[in-house]
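Colleague: what would the 3D arrangement of this be:
(one chain, ligands or ions: 2)
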Amino acid sequence: MSRQMGDSQRRFLQTMMACGIVDEPGARRLYQYCCETHNTQQAPDQLDDFIDTINSKLQPLFMQIRKGISEDSGHQYYALVNMAVTDVTRMSSDYADNELELFVKTMDLIVGSDNGSASSTDILNSADTLTSKKLKKSETEHLLNRLVHDKWLNEKRGEYTLSTRCIIEMEPYIRTMYQDQVKVCHICHNIAIQCQICENPTCGIKIHNPCVARYFKGRPEPRCPACEDFWPHEIPEVRRPLSQSRR
Ligand SMILES: [Zn+2]
Ligand SMILES: [Zn+2]
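Modeller: Residues are numbered from 1 along each chain as shown. Ligands and ions are numbered 1, 2, ... in the order given. Just a heads-up that it's a prediction; the model follows:
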């Protein structure tokens, strides 16, 4: 099969470059739109093939469109990833050195926490320990807003988590830097940061909240899929697929 990139693929890539990340229904709509606009034949189930063709052309540029899941909702996303730079220096065109240092400290707090989040208070306190140029409280708050706006962090009621984009793009970095802390989800095998943990000290497997919801749905008694101990955490509701939920 020929792997030539046509106008429809070029348009798809341009949009990905502009927005960085799209959810799966959004990627399907964009795929359909690009094919219709350029009169390219398209089959509904060929999105991944379409993206494979783009990826084969991106390879020499060390770029890739990669799939990942949201730890919040379990929904699937596509992100355009720079494969050449896997650490935070990929953000250096948008952020100063001390801002990146604070972002790394925020990642340390989030990955090192039990529930995969860090409070604004903890982040503000860690701003006092910067070795590069110090950030004032107002500057730190402004920076956190920018990191949320640029889709590196999520924020809910003063608690910060790593965004889906951040996890997809920085997965190799996170796996290397936090080897001892990071595990993969027992159900979906993606890296697990916001998750529930088996309390059996000899087991300790991690499962994302949406994976917990799906796995335990309809089971009379929640038991750890690895050690069979009682699963003591609250079982969240299964979320509706994105295409059915209102936004
Ligand atoms: Zn999972
Ligand atoms: Zn267990």
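Colleague: please identify the helix or strand for the residue nearest to residue 99 when sequence neighbours are not counted.
Modeller: Distances taken as CB to CB, 6 or more residues apart in numbering place residue 143 nearest to residue 99, at 5.4 Å, with adjacent residues excluded. Backbone N, C-alpha and C define where each C-beta goes, glycine included. Assigned by DSSP states H and E, residue 143 belongs to helix 137-149.
Colleague: packing partners for that helix?
Modeller: With contacts defined as 3 or more CB pairs under 8 Å, 6 or more residues apart in numbering; DSSP states H and E, the packing partners of helix 137-149 are helix 97-112, helix 120-127, strand 153-156.
Colleague: what residues sit buried inside it?
Modeller: In terms of neighbour count (16 or more other CB atoms under 10 Å), helix 137-149 has its buried residues at 140, 143, 144, 147.
Colleague: ok, these vs ligand 2, which is closest?
Modeller: Of all the buried residues of helix 137-149, ligand 2 sits closest to residue 147, with 34.2 Å by CB to the ion.
Colleague: ok, now which ones touch the closest residue to that closest one other than its chain neighbours?
Modeller: Distances taken as CB to CB, 6+ apart put residue 153 closest to residue 147, at 4.4 Å, once the chain neighbours are dropped. Applying CB atoms under 8 Å, 6 or more residues apart in numbering to residue 153 gives the contacts 106, 144, 147, 160, 161, 162, 163, 166.
Colleague: quickly list what residue 153 is bridged to.
Modeller: Counting by DSSP bridges, residue 153 is bridged to residue 162.
Colleague: tell me, how many residues neighbour residue 194?
Modeller: Using other CB atoms under 10 Å, the number of residues around residue 194 comes to 20.
Colleague: if we can go back for a sec, quick one: contacts of the helix holding residue 143?
Modeller: With CB under 8 Å, 6+ apart, helix 137-149 has contacts from 95, 99, 102-103, 106, 120, 123-124, 127, 135, 153-155, 160.
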